[in-house]
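Participant: Kindly return the folded structure for what I paste below:
(2 chains)
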Number of protein chains: 2
Amino acid sequence: MEFIPSITFIGSGNLATHLSTNLFHKGFVIHEVYSKTIENATLLASKFNASATNNLAQISDKSDIYIICIKDDLIEDVIRNFPFKNKLVVHTSGSVSIENLKGFDNYGIFYPLQTFSKEKEVNMFHVPFCIEANTKITEKRLVALAESLSENVYLINSEQRKKLHLAAVFACNFTNYMYQIANDITRKNDIDFDILKSVILETAKKIQKNTPKAMQTGPAKRRDEAVIKKHLELLADLPAYQEIYQLITKNIIKNS
Amino acid sequence: MEFIPSITFIGSGNLATHLSTNLFHKGFVIHEVYSKTIENATLLASKFNASATNNLAQISDKSDIYIICIKDDLIEDVIRNFPFKNKLVVHTSGSVSIENLKGFDNYGIFYPLQTFSKEKEVNMFHVPFCIEANTKITEKRLVALAESLSENVYLINSEQRKKLHLAAVFACNFTNYMYQIANDITRKNDIDFDILKSVILETAKKIQKNTPKAMQTGPAKRRDEAVIKKHLELLADLPAYQEIYQLITKNIIKNS
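Facilitator: Take a look at the predicted model:
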C-alpha cells in the first residue's frame, strides 16, 4: 500500500476515538486532534502523544490526511473555516455528499458502516468501509488506508451512500427499537427479557446466509388473522406499539 | 430426571420435525407420528422406525406423552377429537391457552421460543423452552424433558406466554422485516446487501449484554431533524416504507 504517514483527526467523539485508536495500533502516526472542547481534544491526543487544539485556524498543516469525524450538521462549518486547501481531507459521514469537499485539492469519503459506543472496543476487521474520492489516486490511497483496518472495503458513490445510510437506519436503528418494544412488553409482564436473546441472535444470523424475504416467519407471514387480532387486543394499553404492530403487519401481508 | 419412555407426535411440520429429531437423538423413543397427510406422517416416522397414521381416532395409546405440534387454529379440533383422555398431552404453541387442554388427566405447554425452518438443522441447546403444567408432578416431567434438550428452561404461565409470543413478533418477525426493507432499498440502488450484514449481527450481539434502550443510536435518537427530513425525501418513491420510517422515528423520539 501507498504509505500514509500521519493523520489529523477533526473531532474526538465515538467514531474519532475508535478510528484513531485502530489506526494508531496499525502503526499510523496520529499527529493532532482537534475538538471544540480542548479537554476532549487533549484526552484523545494523549493516547497517541499527539498535539491537541481547539482552534481550527491553527491546526497543523503537517499531516498527510485530515479525517473529519463530527456531527453531520457541523461538517459544512468546519470545511468553510478550514485554514488550508492543499491537503487530503475526508469525512466519515453516511449522509453528507462528497460535493461539500470540492474546495480541497484532494478529498473523499471514509465511511465506516457501524454503530459505535464509546465504552466498547471495536475490532474493525469486519466493519465495512465505504470509500469515494475525487481522483483515482486518492481513491487508491483511501482504499489502502481502509484495507489496513478492515477486510470489507467498498467503493460507494455519494448517491448510493445516502441510500445505504437510510437502509442501515432500518436494519440497525429500527431493529434495535423492535428489541426495545419487546423489552417493554416482557418487563411489563414480569417476563425475563433474556428469554428472547437467543432468538434475536438467531434471526440476525439467519440472514447472513439467506434473504430476509425467505426467512420471514410469524403470524403476518402466515396470514394468521386470529393471532393478529389477539395481539392487537393485548396491545390495547400500548396504543403506540399497537399502531406499529398494525402497520408492519399490513406491510408484511402485502409484500409476501 | 424422571424417564419419559415414548412419545407420539401430532403433526409433522417444521417444529414437529426439529423437536422429534432432537428428542430421538437424546435417546427418546418416538413411538408414532400422526399427520392429516399420510405421506408426511410416514416420511417423519421413517426416521425413527416409528409408526405413522393419518387417522386420529386410531392413534396408539401406548405412548407416555403426546406432543401436539400443529397450527394454532387446528389445535382445538385435535383436542376435541382425541380418542382418549387418560394420558399426558401437551401443545407447543405460543398463543394457545393451557385451558384448552383441561379435559385430559395431565396436560401442559411445551413451547420452544424459536423460529424454525425445515431445511436448517437446529441445535436446541440454547433454545428457551417455556413450560406450564396442570400439576407439580407433570411440571417436573416436562421441565426434565425440556432440560434434556436445552439449557434454558423457564416456567411461564399462559398469560405471560401470550405476551412473550407478542414480544417475540416484534423482536424477530418485525426485525426480520426491517432487514427486508433495508434489502429492498439497497437492491433498488445497486448496493450489495452484504455491506449491512456485519452491522446487523453487531446490533443483535450488543443487546445480549446491554439494554436495547442504552444501545439505541441513529438520527431519531439524536433528534437529527435534517437527516430525518432527507431520509423521508429519499423514500418518496416507497410510500409504505416512508410511513414506517415516520412512525418508528416518532416513537424513538418520544421514548428516548
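Participant: and A:Gly108, that one's in a strand?
Facilitator: Yes: assigned with DSSP: H, G, I helix; E, B strand; the rest coil, A:Gly108 falls within a strand.
Participant: Just give the number of residues close to it.
Facilitator: The number of residues packed near A:Gly108 is 24, by other CB atoms under 10 Å in any protein chain shown. The way it works is simple: take the backbone N, C-alpha and C, and place the C-beta from them, glycine included.
Participant: where's the residue lying closest to it once chain neighbours are set aside relative to chain B, distance?
Facilitator: Spatially, and ignoring its direct neighbours in sequence, A:Gly108 is nearest to A:Ala133 (3.6 Å; CB to CB, 6 or more residues apart in numbering or on different chains). Relative to chain B, A:Ala133 is positioned 18 Å away (CB to the nearest CB, to the nearest Å).
Participant: Kindly report the same for A:Thr42.
Facilitator: A:Thr42 is 25 Å from chain B, by CB to the nearest CB.
Participant: Repeat that for A:Lys36.
Facilitator: For A:Lys36, the distance to chain B - CB to the nearest CB - is 17 Å.
Participant: thought that residue was touching A:Asn54?
Facilitator: Yes: using CB atoms under 8 Å, A:Lys36 is in contact with A:Asn54, at 5.9 Å.
Participant: Does chain B have contacts with the host helix or strand of A:Leu23?
Facilitator: Using DSSP states H and E, A:Leu23 sits within helix A:14-25. No: against chain B, helix A:14-25 shows no contacts by CB under 8 Å from any CB of the partner chain, the least distance being 9.1 Å.
Participant: count of residues packed around whatever residue of the stretch 51-200 of chain A ends up closest to chain B?
Facilitator: Taking CB to the nearest CB as the measure, the point where the stretch 51-200 of chain A comes nearest chain B is A:Asn173, at 3.1 Å. For A:Asn173, the neighbour count with other CB under 10 Å is 23.
Participant: what do you get for A:Leu19?
Facilitator: 24.
Participant: now it: how far from A:Gly94?
Facilitator: Distance of A:Leu19 to A:Gly94, computed by CB to CB, to the nearest Å: 14 Å.
Participant: Could you do A:Pro219 as well?
Facilitator: 34 Å.
Participant: Just give me the longest helix of chain A.
Facilitator: Ordering each helix of chain A by length in residues (DSSP state H) puts helix A:239-255 first.
Participant: Can it be said to contact chain B?
Facilitator: Yes: interface with chain B: helix A:239-255 contributes A:240-241, A:243-245, A:247-248, A:251-252, A:254-255 (CB under 8 Å from any CB).
Participant: and that helix, how far out from the chain's middle?
Facilitator: 27 Å (CA atoms, centre = their mean, to the nearest Å).
Participant: for stretch A:226-233, same thing?
Facilitator: 36 Å.
Participant: what's the answer for stretch A:164-174, then?
Facilitator: Worked out by CA atoms, centre = their mean, stretch A:164-174 lies 10 Å from the chain centre.
Participant: Need the mean per-residue confidence for it.
Facilitator: Per-residue pLDDT values over stretch A:164-174 give a mean of 96.
Participant: Distance across it, terminal residue to terminal residue?
Facilitator: Start-to-end span of stretch A:164-174 (CA to CA, to the nearest Å) is 14 Å.
Participant: Does the residue of chain A positioned farthest from its centre lie in a helix or a strand, and which?
Facilitator: Relative to the centre of chain A, the most outlying C-alpha is that of A:Ala226, 39.8 Å out, by CA atoms, centre = their mean. Assigned by DSSP H and E, A:Ala226 belongs to helix A:225-234.
Participant: do A:Glu132 as well
Facilitator: For A:Glu132, the host element (DSSP H and E) is strand A:129-133.
Participant: do A:Thr138 as well
Facilitator: For A:Thr138, the element it lies in under DSSP H and E is helix A:136-147.
Participant: for that helix, which positions count as buried?
Facilitator: Across helix A:136-147, burial judged by 16 or more other CB atoms under 10 Å in any protein chain shown covers A:138, A:141-143, A:145-146.
Participant: what sits up against stretch A:42-56?
Facilitator: Here stretch A:42-56 makes contact (CB atoms under 8 Å, 6 or more residues apart in numbering or on different chains) with A:9-10, A:12, A:16-17, A:20-21, A:24, A:29-38, A:41, A:59-60, A:78, A:81-83.
Participant: Pick out whichever of A:Lys36 and A:Asn54 has more residues nearby.
Facilitator: When A:Lys36 and A:Asn54 are compared for neighbours, A:Asn54 comes out ahead with 17 against 14, by other CB under 10 Å.
Participant: Excluding residues flanking it in the chain, which one is nearest the more buried one?
Facilitator: A:Ile38 (4.1 Å).
Participant: Quick one: residues contacting the one you found.
Facilitator: By CB under 8 Å, 6+ apart, A:Ile38 lies in contact with A:52-54.
Participant: Of those, which belong to strands?
Facilitator: Applying DSSP state E to the contacts of A:Ile38, the entries found in strands are A:52-53.
Participant: Output the contacts of A:Ile38 as JSON lines; include the columns distance to A:Glu202.
Facilitator: Putting those into JSON lines (distance: CB to CB, whole Å) gives the following:
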{"residue": "A:Ala52", "distance to A:Glu202": "45"}
{"residue": "A:Thr53", "distance to A:Glu202": "48"}
{"residue": "A:Asn54", "distance to A:Glu202": "47"}
